[in-house]
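S.K.: Provided below are the primary sequence and the corresponding predicted coordinates.
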Amino acid sequence: MLALTSGKRASNQVITKIARAFTKQTFPLTEEGESLKREVISVLEREDIAWLRRNMPQLPIVENPHPELFSELDFGHLGESEVMGHKLSVIQTHQGCYHNCVGFCSAGATGRITSKMPFMAYVKLARCKFRYDRRYAHICKNWYHHMHKMGLVPKNESALEKKIKSMKTVGEFLDFIIQVTRLSDIHPIADHLRLWQVNDEMEIADIPWWFVFKEHKRFLPVFFHSLQMEILTFRDNDPVHYYDPFFLSEDGSPADFGDAFRMVDTYVRPVFVSTSGWNSADIIAEQATRKVVDAMKGDKSSAGLRLSIKRYVSLCRTDPVEYLSNLKRILKVLWPLVETDILQLAFFHDPRIKGDKHWAEEIRKEIDDYAKREFGQSIAGFSKYSAVSRRRGLAYDPQYSEEDWDPDDKWGYEIRPDGSVTWRDESVLVGKETRGKIDYRFESPMAEPIITGVKLW
Ligand code: SF4
């Protein structure tokens, strides 16, 4: 990779590359941006390196993106606060996925990337998201202070824990929260809590925030942590494969997922990352993931990262030995997240297919042996078997691990790589009853997205 500081010739190449990328990028420009683009095109034609060198600080790069050169987002009839508020669920990096999990991908991802979000869209969306984040953090703070003032917060953690543990259903728990906190029905926090009330059969132990009691010693952070609202960057794509070839960093490398992640990941609405890894030739994805790991490590409020392992990905189908060694290499990159307790390894399999479970058991053992040898630690504490494709209801195998609701099944606004905004309802869970227990695993496809007619650019 060429660096601006690595000599005159290299710098000239990088500057020219950056200028050329600017003339090809696809996000709409303002008048000022259009005029700069015309000038840069003519400068490139006459190979006026001196001009480019002089005017380099005017050109948009990841480190200095110059949003003023680009048009504002148009939220149409929905409005910015509606889309970018607490109902925002996905800002999708791109569409298509080279893992090409034939027979498994219920998102219907095509095997090649068909569209990418321009990096500038991430810059613009980050600004809008941050405006709401600030308001939401303020709402949370006021709400918490109000609870304290009214004496509604138990004085210590164990009293609250005891009370919650004595409850029988999630409904009871939510009634308690809504009652003690006096939330109105349309309050964003109430909406957020409702996300958890997916199913009356869910047991109190499955409430997502129970685990934070183990993590924090004080009650206050427990509440703030629980009020975080996660954002996803994927639907039918693997986010770490993203890059924008027309928006470059100062060293000439393209903006990647690490850059996009750092734009929109915030404390109150962090980005949850799910990936099935990347092939060894994909150095952009590896570099991007290193940036994500750097941003997440040591940060317990981070939403975390899940590595999905399954034999349906194209590399495993064609070369299982290479797939295993690739996984080991990926685990090395992700390992710093283990200490922060925010890495999950999900070993997917389909119990309806003969041999699938056996494959998952074998590969888990291989990876566990490797982790013990390489890092002196087993993966047992942060890995689990997941029985179904990630977008179909419950990802859960009762034989191996505790229940885990599919985190990808989020309702809300989804911003697509082409700037269109769609809405997704909460999926309706449909289950079969077997031996007194309802099994939702295979009967609950995700709700289809609804077109809103809004296109942001
Ligand atoms: S990795 Fe995920 S999105 Fe990609 S093809 Fe496989 S299941 Fe679909």
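M.R.: Cool, the structure landed.
S.K.: does any part of stretch 345-365 sit near the ligand?
M.R.: No - Stretch 345-365 does not reach the ligand (C-beta under 6 Å from any ligand atom); its nearest approach is 8.5 Å. C-beta here means a position set from N, CA and C on the backbone, and glycine is covered the same way.
S.K.: quick check: mean pLDDT across that stretch?
M.R.: Averaging pLDDT along stretch 345-365 yields 87.
S.K.: Distance across it, terminal residue to terminal residue?
M.R.: 13 Å (C-alpha to C-alpha, to the nearest Å).
S.K.: before we move on, what about stretch 42-51?
M.R.: 11 Å.
S.K.: residues in contact with the nearest residue to residue 344 once chain neighbours are set aside?
M.R.: Leaving aside its sequence neighbours, residue 344 sits nearest to residue 306 (C-beta to C-beta, 6 or more residues apart in numbering; 4.3 Å). Applying C-beta atoms under 8 Å, 6 or more residues apart in numbering, one finds that residue 306 lies in contact with 272-275, 343-346, 407.
S.K.: Equivalent analysis for residue 113, please.
M.R.: 94-98, 237, 241.
S.K.: Taking those together, which two end up most distant?
M.R.: Using C-beta to C-beta, these span at most 12.1 Å, a distance reached by 95 and 98.
S.K.: ranges for the helices of the stretch 301-450 of the chain?
M.R.: Secondary structure of the stretch 301-450 of the chain (DSSP state H, counting those that start in this stretch): helices at 314-318, 320-334, 336-339, 356-375.
S.K.: what does the stretch 151-300 of the chain give?
M.R.: Using DSSP H, counting those that start in this stretch, helices in the stretch 151-300 of the chain cover 157-165, 170-181, 188-194, 212-215, 219-226, 257-264, 283-296.
S.K.: Least reliable of the ones you listed by average pLDDT, please.
M.R.: Among the helices of the stretch 151-300 of the chain, helix 212-215 carries the lowest mean pLDDT (a mean of 33).
S.K.: re the thing from before, any idea which of the contacts of residue 113 is closest to the ligand?
M.R.: Within the contacts of residue 113, the smallest distance to the ligand is 3.1 Å, found for residue 97 (C-beta to the nearest ligand atom).
S.K.: Settle this for me: the closest one is touching residue 111, isn't it.
M.R.: Yes - contact criterion C-beta atoms under 8 Å: residue 97 and residue 111 qualify, at 7.2 Å.
S.K.: which residues are there in the stretch 151-300 of the chain that come within reach of the ligand?
M.R.: So the stretch 151-300 of the chain meets the ligand at 236-238, 276 (C-beta under 6 Å from any ligand atom).
S.K.: Which pLDDT does the model give the closest residue to residue 104 other than its chain neighbours?
M.R.: Distances taken as C-beta to C-beta, 6+ apart place residue 312 nearest to residue 104, at 3.8 Å, with adjacent residues excluded. On the pLDDT scale, residue 312 is placed at 90.
S.K.: for residue 312, phi and psi?
M.R.: phi -80, psi -10 (degrees, to the nearest 10).
S.K.: Now for it, how many residues are close by?
M.R.: If you count neighbours by other C-beta atoms under 10 Å, residue 312 ends up with 21.
S.K.: so how many other residues sit close to the nearest residue to residue 277 once chain neighbours are set aside?
M.R.: Nearest in space to residue 277, with sequence neighbours left out and distances taken as C-beta to C-beta, 6+ apart, is residue 330 at 4.6 Å. Residue 330 has 21 neighbours, counted by other C-beta under 10 Å.
S.K.: Also residue 310?
M.R.: Quick note: residue 310 (other C-beta under 10 Å) scores 24 neighbours.
S.K.: Residue 316 is in contact with that one, correct?
M.R.: Yes - between residue 310 and residue 316 there is a contact under C-beta under 8 Å: 7.4 Å.
S.K.: Quick check, pLDDT for the residue of the stretch 201-350 of the chain found nearest the ligand.
M.R.: Residue of the stretch 201-350 of the chain nearest the ligand, by C-beta to the nearest ligand atom: residue 276 (3.8 Å). In the prediction, the pLDDT value recorded for residue 276 is 96.
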